[in-house]
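Q: Next comes the sequence, and after it the predicted model I'd like to discuss.
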Amino acid sequence: MSWHEAQQYCTEKYTDLATIESMDDISRLKADFSYSWAWIGLKDDPKSWKTLTNDTNSWRWSATGETSKTTFNNWKADEPNSKHGNENCVQMGAGGLWSDKNCELLKTSVCYTVTEQNKKTYAHISTLKTWSSAQEYCRTHYTDLAVIENGAENAEVDSVRQLKGEAWIGLYRVPWVWTDKSQSSFRHWTTSSLNNSGGNQFCMTESGSDHYWDDGDCEEYHVFLCHQVSKVKRVMKLVIVTDADLTNPAINSQLLLQFGAMLRNQGYTDVKLQWKIQPR
């Protein structure tokens, strides 16, 4: 099936396309697809990063870790394009236009500081740095890499940058997310994977021979791997000795929040708690 057909099938029959979180998961695969590739549940959806959205792998500002509050952007024509599958940081170039680039490239950068009047001031750093090195420098000596929320700020950054080459700004993204919302950062790329060949490889396949991963065209037809999450209902009984009024909804709500946090710290990710007071 195509990737989207496979994902629909998996969500109807199982839980989702396979999320693979460790080498132990890979070692548990029993299916024989040695001469083929199989879809898994990792995707880098262009709908999330062609514009500024709230999706997990969309563009966000270094200073806040969040997407733009104003949705302002100034992309160059045909950008962003994730060329070669590794352009996850943003530079400003001629005319104040933005382009996505490989974060490991060496470029100048623009930092910003917030004044006491809550105004942004910008500074150009002429030393060539990778995006992460520029971020570290800006956070040490200023507030962070430049945040740009409107046309006036974009023009100001461009005036600081002009005649000094392309410069990093604070926009970045984390590509590839699991369809079941897993936060696992485990990856098993091939040495030549993530090249976005043809500009349309936004879905992930796994090799049946060595189980390495490679990006593929979502419309190609492959076998696929689903996974099933077992739902376990557990009843936990607590004995509470307190002078507090346990019939008070505010106290109940606070206790549920604390119990939920405690259980999540113990590794329970799908926690639903309900408060019941038994008759005396």
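A: That came in fine, so what should we check first? If you're wondering where the values come from, they're calculated on a predicted model, not measured in any experiment.

Q: low-confidence ranges in the stretch 101-250 of the chain?
A: 232-233 (pLDDT under 70).

Q: Where do the strands of it begin and end?
A: For the stretch 101-250 of the chain, applying DSSP state E, counting those that start in this stretch gives strands covering 107-114, 120-129, 144-145, 167-172, 177-178, 201-207, 213-217, 223-224, 226-227.

Q: okay, now the domains of this protein?
A: As given by automatic domain parsing, the domain ranges for the chain are 3-44+176-227, 47-172, 234-280.

Q: Phi first, then psi, for Met236.
A: Phi and psi for Met236, reported as degrees, to the nearest 10, are phi -110, psi 130.

Q: coming back round to it: can you redo the domains of the chain as CSV with mean neighbour count?
A: Any C-beta I mention is one placed from the backbone N, CA and C, and that applies to glycine too. As requested, these are exported to CSV (neighbours: other C-beta atoms under 10 Å):
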stretch, mean neighbour count
domain 3-44+176-227, 17
domain 47-172, 17
domain 234-280, 9
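
Q: hmm, back to that, of all the strands of the stretch 101-250 of the chain, which one is nearest His4?
A: strand 201-207 (8.4 Å; C-beta to C-beta).

Q: Direction included, what does the closest one pair against?
A: Strand 201-207 sits in its sheet next to strand 37-43 (antiparallel), strand 213-217 (antiparallel), going by DSSP bridges.

Q: now that strand, how far from the chain's geometric center?
A: Here strand 201-207 is found 17 Å from its chain centre; the criterion is C-alpha atoms, centre = their mean, to the nearest Å.

Q: and if you look at stretch 127-139?
A: For stretch 127-139 - counting by C-alpha atoms, centre = their mean - the centre lies 21 Å from the chain centre.

Q: likewise stretch 101-115?
A: With C-alpha atoms, centre = their mean, you get 20 Å for stretch 101-115.

Q: Next, the distance between the ends of it.
A: 30 Å (C-alpha to C-alpha, to the nearest Å).

Q: Next up, the contacts around the closest residue in space to Trp176 that isn't next to it in sequence.
A: Among residues not flanking Trp176 along the chain, Asp44 sits closest, at 4.9 Å (C-beta to C-beta, 6 or more residues apart in numbering). By C-beta atoms under 8 Å, 6 or more residues apart in numbering, the contact set of Asp44 is 57, 82, 175-177, 202-203, 215.

Q: Pick the one among those closest to Phe186.
A: Trp176 (11.1 Å).

Q: centroid residue for the chain?
A: Centroid-nearest residue in the chain: Asn57, 3.5 Å away (criterion: C-alpha atoms, centre = their mean).

Q: Tell me who's in contact with that residue.
A: 44-45, 48-49, 173-177.

Q: do Ala167 as well
A: 91-92, 107-110, 124-125, 157, 161.

Q: hmm, 7 Å instead?
A: By C-beta atoms under 7 Å, 6 or more residues apart in numbering, the contact set of Ala167 is 91-92, 107-110, 124, 161.

Q: Of those, which pair is most distant in space?
A: Farthest-apart pair in these is Gln91 and His124; separation 12.9 Å (C-beta to C-beta).

Q: Serialize the strands paired with strand 201-207 to a markdown table and add fields for distance to Arg234.
A: What follows is the strands paired with strand 201-207, written out as a markdown table (distance: least, C-beta to C-beta, whole Å):
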| stretch | distance to Arg234 |
| --- | --- |
| strand 37-43 | 26 |
| strand 213-217 | 34 |
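
Q: right, and those - which one's nearest Leu17?
A: strand 37-43 (3.3 Å).

Q: Now do that closest one: everything it contacts.
A: Under C-beta under 7 Å, 6+ apart, the answer for strand 37-43 is 3, 6, 16-20, 176-180, 202-208, 216, 222-225.

Q: Then stretch 136-144?
A: Contacts for stretch 136-144 (C-beta under 7 Å, 6+ apart): 62-63, 109, 111-114, 123, 125, 129, 135, 145, 170.
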